[in-house]
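# got a predicted model here, sequence first, then my questions.
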Amino acid sequence: MEKIASFQVDHLRLKPGLYVSRRDKYGTTVLTTFDLRFKQPNQEPVIDMPALHTIEHLGATFLRSHKEWAKRVVYFGPMGCRTGFYVILEGELSSEDALPLIQEMLDWIIAFSGPIPGAAPGECGNYSEQNLGMAQWEARRYAGVLKNPGKENLNYPG
């Protein structure tokens, strides 16, 4: 069996940040998968499920509605380990290319008020498991990391 590239990243040295996880080519189209690592793996508590679910709903809504990026957004969703999210964007992009978009998304989540988009019984399979306050706390914390990121927050550990 082929080794999964993301399992080869040293999770004991991985810090919160915004990383290029992989690039895939389909014909002439390149898709870049980003690792939005909110938490330091195996070192701090993971994101609780209601906050994770709320960030998923809000992040997907923001990205898929963005005036400039919407047509280039392929996917936004949580990691199974609950330490962050993946976003897939069309284009051969760097962490620095995606950074303003992700910062804008976090600002939008932090300022959000009102009903969570897609959080109704007919729209979501677990609509009631949401926590806006904790989602905003996690977004604020992660936004602090991305405010002035160092190399260790934009490049996987070697």
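Sure, I can see it.
# so how far is residue 64 from the closest residue to residue 145 other than its chain neighbours?
Once flanking residues are discounted, residue 145 sits nearest to residue 16: 4.6 Å by Cβ to Cβ, 6 or more residues apart in numbering. Using the backbone N, CA and C atoms, a C-beta is placed for each residue, glycine as well. Applying Cβ to Cβ, to the nearest Å, the value for residue 16 to residue 64 is 24 Å.
# more neighbours, the two?
residue 16 (22 against 15; other Cβ atoms under 10 Å).
# ok, which stretches of the protein are helices?
For the chain, the helices defined by DSSP state H occupy 49-65, 95-111, 132-147.
# find the nearest non-adjacent residue to the one residue sitting closest to the centre of the chain, please.
The centre of the chain sits closest to residue 85, judged by Cα atoms, centre = their mean, with a distance of 3.4 Å. Leaving out its chain neighbours, the residue that sits closest to residue 85 by Cβ to Cβ, 6+ apart is residue 36, at 4.4 Å.
# what residues are up against the one you found?
18, 84, 85, 86, 87, 102, 142 (Cβ atoms under 8 Å, 6 or more residues apart in numbering).
# mind checking which of those are in strands?
Using DSSP state E, the subset of the contacts of residue 36 located in strands is 18, 84, 85, 86, 87.
# quick one: which of those residues is nearest residue 24?
Distance to residue 24, by Cβ to Cβ, is smallest for residue 86 among those, at 12.6 Å.
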